[in-house]
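1. Just the structure for this:
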Amino acid sequence: MILASGTSARAVAAMAEHLIIKLKVLNIMPNSEGQKHGDWVVIDAGDVIVHLFRPEVRLFYDLERLWAAPAATPAKKSTKRA
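-> Residues are numbered from 1 along each chain as shown. Predicted coordinates:
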């Protein structure tokens, strides 16, 4: 999975179009969603999924959080008495 940001909706859509053209040259026929609006474009290239975002949208959805290591939590002390 690849996550990337563009500076505007137009930039995100242009990045997506450029990537799709390059993939087709390599005989990879990707599927894509979201190019019309350019807020969040997903390109499915088979083994690789590319997410292109405007910065605000990337921050809102925070997909990186899904793969982050869980924060260490202190062990709970037992309240049972022997």
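
2. Only C-alpha atoms from now on, for both contacts and neighbour counts.
-> OK.

3. Where does the prediction get shaky in the protein?
-> Of all residues in the chain, those with pLDDT under 70 make up the ranges 72-82.

4. Regarding it, what is its longest helix?
-> With secondary structure taken from DSSP state H, the chain has its longest helix at helix 9-25.

5. for that one, packing partners?
-> Here helix 9-25 touches strand 40-44, strand 49-53, going by 3 or more Cα pairs under 8 Å, 6 or more residues apart in numbering; DSSP states H and E.

6. Let me have those strands in JSON lines, extended by distance to residue 17 and mean neighbour count.
-> As requested, the helices and strands packed on helix 9-25 are arranged in JSON lines below (distance: least, Cα to Cα, whole Å; neighbours: other Cα atoms under 10 Å):
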{"stretch": "strand 40-44", "distance to residue 17": "10", "mean neighbour count": "22"}
{"stretch": "strand 49-53", "distance to residue 17": "11", "mean neighbour count": "21"}
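
7. now those as a markdown table including distance to residue 28?
-> What follows is the helices and strands packed on helix 9-25, written out as a markdown table (distance: least, Cα to Cα, whole Å):
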| stretch | distance to residue 28 |
| --- | --- |
| strand 40-44 | 10 |
| strand 49-53 | 12 |
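
8. number of nearby residues for the residue nearest to residue 6 when sequence neighbours are not counted?
-> For residue 6, the nearest residue in space outside its immediate sequence neighbours is residue 12; the separation is 4.9 Å by Cα to Cα, 6 or more residues apart in numbering. Residue 12 has 26 neighbours, counted by other Cα atoms under 10 Å.

9. Test my guess that residue 37 contacts residue 9.
-> Yes - if you go by Cα atoms under 8 Å, residue 37 and residue 9 touch, sitting 6.8 Å apart.

10. who touches both of these two?
-> Counting by Cα atoms under 8 Å, 6 or more residues apart in numbering, residue 37 and residue 9 have no contacts in common.

11. if you count what's nearby, which of those two comes out ahead?
-> Remark: of residue 37 and residue 9, residue 9 carries more neighbours, 21 against 12, as counted by other Cα under 10 Å.
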